[in-house]
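J.: pasting the sequence and the predicted coordinates here, then a few questions.
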Amino acid sequence: MNAARAPIVEVAASLAEPSGFKAWCRANSFALVLLAPTVLILLALTIFPLIYSVYISLFDYYLPRPHRRAFVGLENYGAVLTDARFWASMRITGIFMFFSISIQFILGMALAVFFFDEFRGRSAKAVYLPLILVPMMIAPVVVGYVWRLLYQVEFGPLNYMLLQIGISRLEFTASAGTALLSIIVADIWQWTPFVTLVMLAGLVALPQELFEVTEMDGASTWQRLRYVMLPLLSRVIAIVLLIRLLDSFRELDKIFIMTQGGPGTVTETVSYYAFLTGFKFFRIGYAAAMSLLLLAVTAIICTGIAKVLHKEQIFER
Amino acid sequence: MAKIRKLALTSIAAGAMFVAAGSATAEAPEPTPTFDDVTVTVALHSGAFELAWAVHKEQIKALYGINMEIVGIPVNELFDKEILELSMGSGAFDLVQFNPGWMGDYVDFLEPLDPYMERWDPAWEDVHEGFRVWENTYQGTRYTLTMDGDILFTYYNSDVYENPEEQAAFKEKYGYDLAPPATWDQVVDIQEFFRRDTDGDGEIDSWGYSDPIIKRGRGFYSFLLRYINYAGSNPQYMDPETMVPLINNEAGVQALENYKRTIELGPPGMLSWEWDEAHAAFMQGRVQTLVHWPDEGLMTDLYTANTGAEMGFAKMPGAIVGGEKMERTMTGGGWIIGMSRDSQNKEAAYTLLRHVLSPEVSLHLVLMPGTDIFRTSQFNHPVIKKIAPAKYLEVYQESISDNFPELRIPGGFEYYDALDVAVQKALAGELSVKEALDEAAANWEEITDRIGRDEQRAAYKAAMGL
C-alpha cells in the first residue's frame, strides 16, 4: 500500500512546485526586473521598427496618399536592384569609403606612432593630443558648414592660398571633377583623429619592454612598425576599420550641407539617396526595401570582418 | 490737443454712420469669434517668419483668447516634417506654412477655407490676383492664404547700364542698345559684355548676370524661368491629355542651353551658388544684373553704399516666339499657409490666420525682414511708398501678374528633383543638354505611372486651371 502511494505523492509534489520556466523566473526575478527597461527600449526602438520596416517594404506606400497603400510583395526589392540611380550611388559610396578610410588609416596610424614615439612619458602629449582631437568633437553638420566656407570659390581661404602661390582657383564643390574629393578631404579631416586616438590607446596598452628591446637591437621605425606594432595592433586595427566602415556607409550630414548630392549626382551616396527617397519623395515602401538591402550589405561586410578576426584568433584571445 | 480730440470724435461718428449705412443696405458681417484659452499650433519656417509672427502672440491672446504656439522648422525640413505629421493625422499642427509647389501633396490634408472665408472675409480681394489664382486656389477651392509675396524679377546696376561709353561699346559689339535684358538671349550677351578684369590683376572680377539659385536643390527654377518663355504662348510642363513631359522639347533644349551658356560665362564656382551667394555678388557690385526675389528692392541704400551706383528694376527676361513677346515669371518658391484637416480648433486657427494676415497686421509683417508684399493695399500704403522706390513697386506688381504656376500635382517634389538632377548634370557637363532633358522626361514618366496617370492628369488640369 505504501509502495503504491509513493509515486502519487511525488507527482502531487511535483505539481505543487512551479514549472521549469516559472521556477527560473522566480529564481532570476531581480535580474529580470533590472533587464526589463533595456529589453523594452530595445523592442520599441530597434526590434519593432526593424520588423515594421520589413512589413512596410512589401507595400507600395506613398505617404501623401496613405489610403492607396497596396501590397506588392517583393516588387520594391526588385525595383531597387534595377534602379540605375541606386547602383550609381552605391558606386559613389564605395569610392568615398575606400579613399576616405584608407587615407584616414594611414594618417591616423602615422600620427599615433608619432605621438607614441615623440611624447612617450612626456607631459607635452597632454597639450597636443587634445588639439588634434578637436575635429572629431565637432558635429558633422558644423564640419559641413566650415568646409563649405573653406571651399568657397571667390572668398574661401583655400583658394586665397592657392592664388598666393600662383595656382588658379579651384571650383572645389562646384565642379563634377572635384566635388567628391572635396567631401572626402573634409571627412578625412574630421575622422583621422579618431583613428589616431584608438591606435594610440592600442600602442600604449602594448608591453613597453618590446619597444625597448627593439630599440636596443637597433630596429628602424619602419621595422618596429611592420614587425611589432602592426601585428600586435591587429585587433585594434580591425575594430577601427569596422567602426569607420559603418560610419562612412551612412555619411549624410556633410553631403547635405556641402553639395546636396550635386553637381548632378556625383556626390550622391547611397545614404543620401535613401534619405531623399524616404523623406523627400515619401516612397516609404521603396525606401524601406532600400534600407533593408543596405542593412544586408552592412551585415555581410561585418560578418566578413568578424570571420577574418576569428581566423586571426582576435576575438578569442 | 482739442483739435485731435475733435478729429477723433468726428472719425468715430463718421465710422458709426458708415456702419449704420452698411447695415441698412447689406447683411452685417458675422462678428469675429473669441475663445476660452484655446491653443493653436503654427508650423513656420524658422527664422524671420517665426520672429515676425511671434510679435503678435500677446495681441492675439488679448483679442481672441487664443494661445499661439509657434513651431519653427528649418526650411530644408519643412516639407518632410509637415507631411509626416499631416499624413499621420496627428493634429500636431493647426496651421502649416508651405511652398505653393507642394500643393499637390498637401491638398488632401488641408481644410478648405471657403466656408470660413464666406463667414469672415480675410480681405480676399485685397490679396494680389496672381497669388489668389496660382497660390491660394486649387481646383476651384480656396485652401490657403499667401504669407510672403515672393516673385522673381530683375535688378540691375543702373549707373553701368546708363553709362554712355558702355552703351556705345555694347551697341558696337551687339548691334542693339544696352538695356536690362528683355530676353534670355540678351542675358548671354549681357553676361559676356560685362565679363572683365576691372582692376587689371589678370583675374576676371566682374560679370553681367546671375540667376537666383544655381546649386542643386532649387537650381532647376532657373531652367524653368527660361522654359516657360521659350515655350511660346501656351507653356506646359506636360501634355495635359497624355501627361507626356514637354520639358525635353525644342523649347526645353533652348532654355537649358541658354542657362548653361550663362553659367559658363559666369563667376567661378557659380554652379554651387545658393540664393545668398547670388545676392552678395550683386550687392557687392561683382555682378551687374540679378534675377531675384523682392527683398533687394528695400536695400537700395546698402547697394549704393557698397557700389556707389543706383539700383534699377526691370521685369524678368522673356523670349520672342513667333514675333510675340513672352513675359512670364515664377514665384520660385514663395510661401503660403493652410489649415490642417485634423486641426481640433479650426475656427480658432482660422481666426488667428485671418488676424495675422489681415491688411493691417500683415503690413507689420512686410515691414520686417523676410516677408514680401502680397496685398494690393500694402503696395498702396504710404509707408511702403515712402521706403520703396516707385519703379520697384511698379515692376513688382506687374511681375505678380506675370506669375506662371508651379507644378502643383502630387509628387511635385520628386518631379522637381528629377528635373534638378538632370539640369545639374547638363550644367556640370556630365550629359549633353538633350540627354539630360530626356533623362528628366523619362523619370517624370516613371513618377507619373507610379502615382497613377489618370489621377495625375486630373490633378494637372486642375492645378493649371485647364
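T.: It's in.
J.: alpha carbons only for contacts and neighbour counts from here, please
T.: Noted.
J.: tell me the pLDDT at residue B:8?
T.: Turning to residue B:8, the model gives it a pLDDT of 40.
J.: right, is the longest helix belonging to chain A up against chain B?
T.: Secondary structure of chain A per DSSP state H: the longest helix is helix A:84-118. No: figure legend: helix A:84-118 not in contact with chain B (Cα under 8 Å from any Cα of the partner chain); closest approach 10.9 Å.
J.: got the domain ranges for the chain?
T.: Picked chain A for this. According to automatic domain parsing, chain A is divided into the following domains: A:19-45, A:84-311.
J.: please go with chain B instead
T.: The record's domain split for chain B, according to automatic domain parsing, is B:33-150+B:333-395, B:153-326.
J.: for the last one, how far is the first residue from the last?
T.: The one in question is domain B:153-326. 14 Å (Cα to Cα, to the nearest Å).
J.: that one: how far from the chain's middle?
T.: From the chain centre to the centre of domain B:153-326 is a distance of 17 Å (Cα atoms, centre = their mean, to the nearest Å).
J.: what's the average pLDDT for it?
T.: 96.
J.: need the strands for the chain, in chain order.
T.: This is for chain A. Per DSSP state E, chain A carries strands over the ranges A:59-60, A:70-71.
J.: hmm, no, I was thinking of chain B.
T.: Counting by DSSP E, the segments of chain B that form strands are B:38-45, B:66-73, B:95-98, B:137-138, B:141-142, B:144-148, B:153-157, B:207-210, B:287-292, B:311-314, B:319-321, B:324-326, B:335-339.
J.: would you turn those strands into TSV with distance to chain A?
T.: Shown next, in TSV, are the strands of chain B (distance: least, Cα to the nearest Cα, whole Å):
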stretch	distance to chain A
strand B:38-45	17
strand B:66-73	15
strand B:95-98	14
strand B:137-138	17
strand B:141-142	19
strand B:144-148	18
strand B:153-157	21
strand B:207-210	13
strand B:287-292	13
strand B:311-314	23
strand B:319-321	27
strand B:324-326	30
strand B:335-339	16
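J.: out of the ones you listed, deepest packed?
T.: strand B:207-210 (a mean of 28; mean count of other Cα atoms under 10 Å in any protein chain shown).
J.: excluding covalently adjacent residues, which one is nearest to residue B:283?
T.: residue B:303 (5.4 Å; Cα to Cα, 6 or more residues apart in numbering or on different chains).
J.: again with residue A:185
T.: Closest residue to residue A:185 apart from its sequence neighbours, by Cα to Cα, 6+ apart: residue A:100 at 7.5 Å.
J.: residue B:222 now?
T.: residue B:211 (6.3 Å).
J.: OK, contacts around that neighbour?
T.: B:222, B:278, B:290, B:291, B:292 (Cα atoms under 8 Å, 6 or more residues apart in numbering or on different chains).
J.: please name every helix or strand in contact with the longest helix of chain A.
T.: helix A:179-205, helix A:234-249, helix A:270-279 (3 or more Cα pairs under 8 Å, 6 or more residues apart in numbering or on different chains; DSSP states H and E).
J.: so the last one versus helix A:84-118, what angle?
T.: By that I understand helix A:270-279. Relative orientation of helix A:270-279 versus helix A:84-118 (axes from the mean of the first three to the mean of the last three Cα atoms, to 10 degrees): 130 degrees.
J.: just to revisit the earlier point, nearest to residue B:271, out of the strands of chain B?
T.: strand B:207-210 (10.7 Å; Cα to Cα).
J.: what's the closest one in contact with?
T.: With Cα under 8 Å, 6+ apart, strand B:207-210 has contacts from B:187, B:190-196, B:262, B:266-267, B:278, B:282, B:286-291.
J.: recalculate using a threshold of 7 Å.
T.: Contact with strand B:207-210 is made by B:190-196, B:266-267, B:278, B:286-291, as judged by Cα atoms under 7 Å, 6 or more residues apart in numbering or on different chains.
J.: and residue 168, what does it touch?
T.: In the absence of a named chain, chain A is used. residue A:162.
J.: ramachandran coordinates for it?
T.: Note on residue A:168: its backbone torsions stand at phi -70, psi 160 [degrees, to the nearest 10].
J.: tell me which parts of the stretch 351-466 of chain B are close to chain A?
T.: By Cα under 7 Å from any Cα of the partner chain, the residues of the stretch 351-466 of chain B that approach chain A are B:411, B:413, B:414, B:421, B:422, B:424, B:425, B:428.
J.: what about the fourth one, how many neighbours?
T.: The reference is to residue B:421. 24 (other Cα atoms under 10 Å in any protein chain shown).
J.: now the nearest residue to it once chain neighbours are set aside: how far from residue B:146?
T.: Nearest residue to residue B:421, sequence neighbours excluded (Cα to Cα, 6+ apart): residue A:264, at 5.0 Å. Separation of residue A:264 from residue B:146 (Cα to Cα) stands at 32 Å.
J.: repeat for residue A:219
T.: Noted for residue A:219: a distance of 76 Å to residue B:146, by Cα to Cα.
J.: and the residue of chain A found nearest chain B, how many residues sit next to it?
T.: The nearest approach of chain A to chain B comes at residue A:264, 4.2 Å away (Cα to the nearest Cα). Neighbours of residue A:264 under the rule other Cα under 10 Å: 26.
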